[in-house]
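Novice: prediction below, plus the sequence it came from.
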Amino acid sequence: MSNRGKPTADKKTAAKGQRAKRLKEEAERRAREEEEARIKAEQEEAERKERELIAAEELRRLEADERRGRKGELAELDAILVNNYNHIYSARLEARRAAKWARYMRCDGSPDPSNLGEINMHLTLWKENTKNTEFEEILKEAKLLLKLIRELEYLLDDVMDDELTDGKRLQYKETILAMQELLMAKLDLGSHDLMLKASSLAAPDNNLTKTIISEDITLCLWANLTKNPRLKSFDFDARGMVFELNPFLNRADCSVRALFTRFDHLSHLSKSFYPRIQTKSSEFIPPEKLENPVADDVGQDDLGPALSESPLDIKIHTSAGHTPDNARQPEGSDSEVEATEKGAEEKSEKLDADADAENNVEDDDKLSTPVPIDYEDFDGDEDVVDLRGFQVVGGVFHINLCELPPQPKYINKWTITLLVDPPELHHINYVAEKEHRSEESAGEVDSTIREPVLEREKKEKDLEKTPIAVTLRLPEDVCFCEEPLVARWDPDEKVWRTDGFLDKVYNEIGRQLTFRICKFGTMALLQDSQINMPFQSWELRPRTTNWVQLTIIAAILEVEIQIKEDRVCLSQPENRPELAHLLNNWMSIRDFVKKMCASGVNIFPAEDSFKYVKIPDKNSLTENRLYRQMSLVCSAMAFSWSRWNSDVNDREKIIVQSAQHLSDEPLLEEDWSLFQITKRRAIKLKMTEYSEAFLEDVAEGTEFHADLYHLAESVVSETAKQRIRETTAMFSETVNDILRLTRVVLYS
């Protein structure tokens, strides 16, 4: 028995030994793995610390190099800007002299609007001339008057404050108002003269329907001579206008005048036309500052931004309404020109001194950033148009119901005419009755008195003033991106109002607008000023030296602007016939902005547009410097919108895409790099536009630079550098103007 149990016990002992051995080996293996993991973790941590140490050391080196080279880079950039400033200043001073000499040598009998004596004499003589009332002759005088108005507006927009005294500025504004009032009075006088001759101008046994078209003014006149009750409407085919008639108009001695003007001389009279700067109770801002505010981060009256410059951001603007007064071009009389010439050197010395002072600042972040201006909300009635949010497009049109003057009577060889003195239009007060008697009430009348009641109601209906239907063909040279808003001018309140219109129907394909008017008067079509904002993207691409293309994909339209030297033109969109008159038409920036806005394409944010459009908050000083430096290198560098500019919620950082570009071809996605610009420095980032997260790692082989100009020079080829050196001051100034007017960095 004992011999048979001994092998079993040995087997059990051997199994236990094997399990213990396996456990021991497993423990040893785990210990080795843990030790290896610990050693690996320690190595990785050491490597990480080493990398961080190297990165920190590299960052310190880059910052040290930047500090050492910062003063030199700023001084070099400042020298370039001052040299450009002096060149532009001299060129425009010479242009101003040539313009004044050409004005003097014109010898066409037209007065100089800046000369108070000359213009007052001209206006007085024309006002007292009541004999020449032919409408065609009045149109000739109107053309001259409009030219003089534009000349004064140019002087007000383009002259610097120190070259134009407050008294002169006020004088010019008052002269413009006087000319605008006289122009309207003369157009009324000419219309009255046509009404006096209605019977002789009309075909026999017909009403007068006459259309006179000029460059800026179109007159459509209808005179009721036949009293034909069967007439339902009349139309002016040349202007695309249809006007409904009712029994009241068919029976009245009246005429309807539709006067279309391509200009708007009314909106600027409304207080809602100007930015509403919010003031503190203890702070006083002069009225002139309220009308023409100058902000450092946002600024424009009705066209574009007016951003003040730092000492290293010297600027002269040419476009009206977009620049601070102390950055506008020299203008004025010969004595003013001489005085300006004497001050040129002083200004240059001051700029140099200011630049040196900034270069001596150890930390550029200490430079003060302008405090943003707050603007009040529109507090007008619901029916009053906010002219900061809407703009008049296509001019204004006057639809007036007037008394028809007594017509001449022909007896034998005699013509008997009633003398009308003074000759002036007499408007008929027409206010439509919106409530009408229902047919049901007529059916309840007893049959014995039904016929007299119906007869009386018919007479009352004939005298009833009902809303009048008007159909207008939209102006052919205005781009409407949505249904236009129709409004009437309230001369008492001096505002545009939207009440008094019924049953509006917009035919987008036929470009027609039909509505019923309850009152006659002055009307206009308006469009949302910010309808194309914010922009979806933008790209500034060089085509050759001193020629770039700015592409803006706005909210509705895609616009391409060509910039060459001091001229710009629109090259896209080609599929909009309304803009055909602007395509490939080279002009100055001032004219370009005015014509673009007049054509319904407003891509120029106002100083308070941020109240109507959501945009990122960025440092205005950095933004302005970026535009200036982009204009210096854009002959060889392309720039584009980056999503990171808005995604990174840091007002001190502006991020754009950039790439060297020397051919006139579109860029590929892989060509672009990211540049980050702050008030302190400009760097090229290691990440790309399509990275998953934002990292501020600097691209390999690049360094910190004080500005974008030197960063660009450090990453481009010698050929590109040569292009940059060949960039002219006038071209750089023009590009800078366009960038500041569109504010693509902020409104994309």
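Specialist: Ah, there it is.

Novice: just give me the neighbour total for Leu53.
Specialist: 10 (other CB atoms under 10 Å). C-beta: built from backbone N, CA, C; applies to glycine.

Novice: which SSE is it in?
Specialist: Taking DSSP states H and E as the criterion, Leu53 maps to helix 2-104.

Novice: which elements pack onto that helix?
Specialist: Packing contacts for helix 2-104, counted by 3 or more CB pairs under 8 Å, 6 or more residues apart in numbering; DSSP states H and E, involve helix 334-359, helix 620-633, helix 708-715, helix 729-742.

Novice: next SSE downstream of the strand of greatest length in the chain?
Specialist: Longest strand in the chain by number of residues, with DSSP state E as the criterion: strand 390-403. Downstream of strand 390-403, the first helix or strand assigned by DSSP H and E is strand 409-411.

Novice: report the buried residues of whatever helix or strand Tyr154 lives in.
Specialist: According to DSSP H and E, Tyr154 maps onto helix 135-158. Neighbour counts over helix 135-158 (16 or more other CB atoms under 10 Å) mark 135, 138-139, 141-142, 144-146, 148-149, 151-158 as buried.

Novice: residue nearest the centroid of this protein?
Specialist: Centre of the chain computed as the mean C-alpha position; nearest residue by CA atoms, centre = their mean is Phe604, 2.7 Å away.

Novice: surely Val478 and Glu578 touch.
Specialist: Yes: between Val478 and Glu578 there is a contact under CB atoms under 8 Å: 5.9 Å.

Novice: what do the two both touch?
Specialist: Ser599, Gly600 (CB atoms under 8 Å, 6 or more residues apart in numbering).

Novice: so Val242: helix, strand or coil?
Specialist: Per DSSP: H, G, I helix; E, B strand; the rest coil, the secondary structure class of Val242 is strand.

Novice: circling back to that earlier point, tell me the gap between the helix holding Leu53 and the middle of its chain.
Specialist: Centre-to-centre, helix 2-104 and its host chain are 46 Å apart (CA atoms, centre = their mean, to the nearest Å).

Novice: next, the angle helix 708-715 makes with that helix.
Specialist: Computed by axes from the mean of the first three to the mean of the last three CA atoms, to 10 degrees, the angle separating helix 2-104 from helix 708-715 equals 120 degrees.

Novice: what is the mean pLDDT for helix 2-104?
Specialist: Taken as a whole, helix 2-104 has an average pLDDT of 78.

Novice: next: stretch 683-695.
Specialist: pLDDT averaged over stretch 683-695 gives 91.

Novice: do stretch 705-718 as well
Specialist: 91.

Novice: now it: buried residues?
Specialist: His705, Ala706, Asp707, Leu708, Tyr709, His710, Leu711, Ala712, Glu713, Val715, Val716.

Novice: just the strands in the stretch 401-550 of the chain please.
Specialist: For the stretch 401-550 of the chain, applying DSSP state E, counting those that start in this stretch gives strands covering 409-411, 414-416, 468-473, 485-490, 495-497, 501-507, 512-517, 521-528, 537-544, 547-553.

Novice: Leu685 is nearest to which of these?
Specialist: strand 537-544 (18.7 Å; CB to CB).

Novice: ok, back up a step: now do the same for the residue nearest to the centre of the chain: helix, strand or coil?
Specialist: Going by three-state DSSP: Phe604 is coil.

Novice: one step back: past the helix holding Tyr154, which element shows up next along the chain?
Specialist: helix 166-196.
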